[in-house]
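Trainee: Sequence first, then the predicted structure:
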Amino acid sequence: MPAIQTINRIEQLFGKKKEKILSVYFSAGFPNLEDTPKIMKYLQDSGADIIEVGIPFSDPVADGPTIQESNKDALDNGISVKIIFEQLTQIREEVTIPIIFMGYINPVLQYGMDAFCKKCAEIGIDGFILPDLPMQEYMAEYRATFEKYGLLNIFLITPQTSEARIREIDANSSGFIYMVSLAGTTGAKGNISEDQVKYFKRVKEMDLNNPTLIGFGISNKETFDRACEYASGAIIGSAFINVLKNATNLEHDISRYIKSVKGNSIKNDHTIKK
Amino acid sequence: MKIEVDKRGYYGNFGGAYIPEMLYPNVEELRQNYISIIHDEGFKKEFDQLLKTYVGRPTPLYYAKRLSEKYKTKIYLKREDLCHTGAHKVNNTIGQILLARRLGKQKIIAETGAGQHGVATATVCALMGMECIVYMGEIDMARQKPNVERMRILGTEVRPAKSGSKTLKDATNEAMRHWINNPVDTHYIIGSVVGPHPYPDMVARFQSVISEEIKWQLKDNEGTEDPDYVIACVGGGSNAAGAFYHYYDNDNVNLVCVEAAGHGNETGESAATTVLGKPGVLHGSKTLLMQTEDGQVVEPYSISAGLDYPGIGPVHAHLFESGRADFYSATDEEAMKAGILLSRLEGIIPAIESAHALVALEKIMFSKDDVVVLNLSGRGDKDLETYIKWGKY
């Protein structure tokens, strides 16, 4: 009998928290093979709201140099889908915030879509971001499987996505929509341009059914706060990978970084904010 | 058997458009426009004119008398090696650059492995006065120095792909990333029948001139349009797709694909995707793919840089799965011997890619009345260094 998750943690989070949601990405098996569960725990403890665990792939076409390298290092460390599942078997004893798997479709297909989703449901994974699984294929082939196991599929939109397509994506999304902040691959860029702000405003004014999180180019408190003006929160990836790469003490360095992004004004709790 | 792409971009179980949302507007723009552009009278006229006066088409269909005597059958060579730039690749780059102009694009990017597609792209960009960047694996740049310089002479910027294994698949990754970062003014000229829909179909249509010519040329020579066999090498598979195109639906014509087996399929150092691959997704389509159990893409090996790709066009994956085509693989050694044999018997030094196709002549039992057309996709000038290193001639 498949494990059915009746309440999805992502939906629960967005149900009670409407702003300043921080989602953090890192590649499983990086910087060291065994670091995955530790990093997740430290992220939760320092105030992240969602954790995106990257499933490394040999050919990550949507990623810039930083995440390409962390993918490669993790694969060189020996990470695999099977090992990620092993590492996360007990994760729900310690980590209660939403966990999303982010990666490319091929390793998932090799594991077997149904087997993969079943395992995710058993562990307590809440959803996926699979950039190279387009909406059309998802709807035709995989939606039923995802839904059977209570897993959400998060779609991306970009500055080039037409209004009609944003509406279509919104109609077929659950959880949240991942707003890619610029025409580009992942990577910390430093600041947010006026053109980006125009795009953020345009999407905000569309008043979508789903909340949005802004990702790509978010790296510090300034860019996080700016993104939060136009969305329910933001996603940090490459900048956090750089923190991990340079960390001397994972727990301390993760905590310091996450707190620097969220700032003092943000309470580290997941209760309803009025 | 009917072989054609469906609305979602599939040939049977293979194909589709597995692309990140960032590429969706570009690929969708292509999908919506490529058929009407290709069928436009003005486009056709310009394309045909350039193929004739610039590329040198039609390429000869040459009856290879001494080769035929050796294999005791009738062998014709389709001389794509006589195309400008030395291979069939230019048929596609001319088609795509004309299409890019009609879409209002100002810049061109491309990937290249051995450098043949890069040179063919650099050539048409010079011809049209368009800015061109070609991504090439850092390792391939060192292996194929003359082609790097050819591209530079033609005014193209060659950018090294330094990620991953630093070869063709990584050059393709870098070109896709470049397109993600420059979505508005740039067209990506993919060099083979790979990538997201509509690329495999579009590239096949531009290469279909090969079988279009074979039909009337064979009619003139043999009184029939239909050979008993069409043989081609397959890396990504664009020359095979072009040579097969007008014969897909004619089951009397045997289609033969030859993949590169490197040091031998059992050694693991091979590029024979139908032997060693499993269904998977890379570079935008679902196809047969050489990969680990964990779904990581495996770096293939072949002496021929043009066949050194871990995937295969989705149409070929379908030809394999459906049994419409027969697949053989040729080792480095078999291919090099076949290349030297053709040089000695017919005075034609073939590209090492094309030499793989010649190996099929050893493996198939023909009857003396069979008509065999072998697509000689490229010439061996670029491979002189490899022939010299091989040495056994």
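Mentor: On my side now, so go ahead. Residues are numbered from 1 along each chain as shown, chains lettered A, B, ... in the order given.
Trainee: mind pulling up the phi and psi values for the residue in chain B positioned nearest to chain A?
Mentor: When distances are taken as Cβ to the nearest Cβ, chain B reaches nearest to chain A at B:Gly295, 3.4 Å away. (C-beta placed from N, C-alpha, C; glycine too.) Dihedral angles of B:Gly295 (phi, psi; degrees, to the nearest 10) stand at phi 80, psi 20.
Trainee: what about it, neighbour count?
Mentor: Neighbour count of B:Gly295, defined by other Cβ atoms under 10 Å in any protein chain shown: 24.
Trainee: Ok, B:Lys389 next?
Mentor: Neighbour number of B:Lys389 under other Cβ under 10 Å is 10.
Trainee: cool, and A:Asn209?
Mentor: Other residues close to A:Asn209 by other Cβ under 10 Å number 11.
Trainee: Helix, strand, or coil at the nearest residue to it once chain neighbours are set aside?
Mentor: Counting by Cβ to Cβ, 6 or more residues apart in numbering or on different chains, A:Asn209 lies nearest to A:Asp170, which is 5.4 Å off, once chain neighbours are set aside. Per DSSP: H, G, I helix; E, B strand; the rest coil, the local secondary structure of A:Asp170 is helix.
Trainee: near chain A, which residues of the stretch 251-393 of chain B?
Mentor: Residues of the stretch 251-393 of chain B lying near chain A by Cβ under 8 Å from any Cβ of the partner chain: B:278-284, B:289, B:291, B:293-297.
Trainee: So B:Tyr301, which state does it fall into?
Mentor: Using three-state DSSP, the structure places B:Tyr301 in coil.
Trainee: Scan chain B for its longest strand.
Mentor: For chain B, the longest strand by residue count, based on DSSP state E, is strand B:254-262.
Trainee: burial measure for the residue nearest to A:Asn209, as a count.
Mentor: Around A:Asp170 there are 18 residues (other Cβ under 10 Å).
Trainee: next one: A:Cys117
Mentor: 23.
Trainee: What helix or strand is it located in?
Mentor: A:Cys117 belongs to helix A:113-123 when elements are defined using DSSP states H and E.
Trainee: Okay, buried residues for that helix please.
Mentor: Residues of helix A:113-123 classed as buried under the neighbour-count rule (16 or more other Cβ atoms under 10 Å in any protein chain shown) are A:Phe116, A:Cys117, A:Lys118, A:Lys119, A:Cys120, A:Ala121, A:Ile123.
Trainee: quick revisit: which residues sit in contact with the residue nearest to A:Asn209?
Mentor: Applying Cβ atoms under 8 Å, 6 or more residues apart in numbering or on different chains, we find A:Asp170 in contact with A:Ile177, A:Met206, A:Leu208, A:Asn209, A:Asn210.
Trainee: mind checking how far it is from chain B?
Mentor: Per Cβ to the nearest Cβ, to the nearest Å, A:Asp170 is found 13 Å from chain B.
Trainee: So what touches the helix holding A:Cys117?
Mentor: A:2-5, A:81, A:85, A:88-89, A:91-92, A:101, A:108, A:111, A:128, A:141-142, A:145-146, A:148-151.
Trainee: what distance separates it from the centre of its chain?
Mentor: Distance of helix A:113-123 from the chain centroid (Cα atoms, centre = their mean, to the nearest Å) equals 18 Å.
Trainee: mind checking how far stretch B:30-44 is from the chain centre?
Mentor: Using Cα atoms, centre = their mean, the offset of stretch B:30-44 from its chain centre is 22 Å.
Trainee: Would you confirm that the residue of chain B closest to chain A contacts A:Val81?
Mentor: Yes - the criterion here is Cβ atoms under 8 Å, and B:Gly295 meets it with A:Val81 at 7.2 Å.
Trainee: who touches both of the two?
Mentor: With Cβ under 8 Å, 6+ apart as the test, B:Gly295 and A:Val81 both reach A:Pro107, A:Val108, A:Gln110, A:Tyr111.
Trainee: Residue nearest the middle of the chain, spatially speaking?
Mentor: As the question left the chain open, I've gone with chain A. A:Glu52 (3.7 Å; Cα atoms, centre = their mean).
Trainee: That was the other one, I meant chain B.
Mentor: Geometric centre of chain B, nearest residue: B:Ser238, 3.0 Å, by Cα atoms, centre = their mean.
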